[in-house]
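K.L.:
pasted the sequence and its predicted model underneath.
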Amino acid sequence: MSFDELLKELQGQRTIEEDSSHISLDELFNESFMVKHSNFKSFEEFLEKGNFQVQTREDINNIPDELFDRHVARETGFANWKSMLNTATMDYASK
């Protein structure tokens, strides 16, 4: 962590966008988000339905975009993964 990053953190000025990669998937896609936007109670159930083995964001990044976008469009109210992720990030930031 650079001195500037440390200073921002100490001053409480780090934003969700700067630190979004450190939010757990369970926090980002919490039960209320999943129930509101899908027929699942958890992000884990959503992934299991698509037969995806995901433990980290890296695992999600390794899923072919077309395949994951199709699953998102079929199982949620979102057109693709990017829109689902953006909405979850904005919801999380507004809390």
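P.N.:
Thanks, I have the structure now.
K.L.:
okay, and the helix or strand of this protein with the least pLDDT?
P.N.:
Lowest mean confidence among the helices and strands of the chain (mean pLDDT, DSSP states H and E): helix 16-19, at a mean of 45.
K.L.:
packing partners for the helix or strand where V72 lies?
P.N.:
Here V72, judged by DSSP states H and E, is contained in helix 65-75. Applying 3 or more Cβ pairs under 8 Å, 6 or more residues apart in numbering; DSSP states H and E, one finds that helix 65-75 contacts helix 43-49, helix 81-93. Any C-beta I mention is one placed from the backbone N, CA and C, and that applies to glycine too.
K.L.:
could I get the ones you listed as CSV with distance to H71 and mean neighbour count?
P.N.:
Converted to CSV, the helices and strands packed on helix 65-75 look like this (distance: least, Cβ to Cβ, whole Å; neighbours: other Cβ atoms under 10 Å):
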stretch, distance to H71, mean neighbour count
helix 43-49, 8, 17
helix 81-93, 8, 16
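K.L.:
out of those, which gets nearest to I63?
P.N.:
Between I63 and these, the tightest spacing by Cβ to Cβ is seen for helix 81-93, at 8.5 Å.
K.L.:
helices and strands around the closest one, which ones?
P.N.:
By 3+ Cβ pairs under 8 Å, 6+ apart, helix 81-93 packs against helix 16-19, helix 25-28, helix 31-37, helix 65-75.
K.L.:
out of those, which comes closest to V54?
P.N.:
helix 25-28 (7.6 Å).
K.L.:
packing partners for the closest one?
P.N.:
Looks like helix 25-28 contacts helix 43-49, helix 81-93 (3+ Cβ pairs under 8 Å, 6+ apart).
K.L.:
same list, those helices, but as CSV with mean pLDDT please.
P.N.:
Converted to CSV, the helices and strands packed on helix 25-28 look like this (pLDDT from 0 to 100):
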stretch, mean pLDDT
helix 43-49, 94
helix 81-93, 92
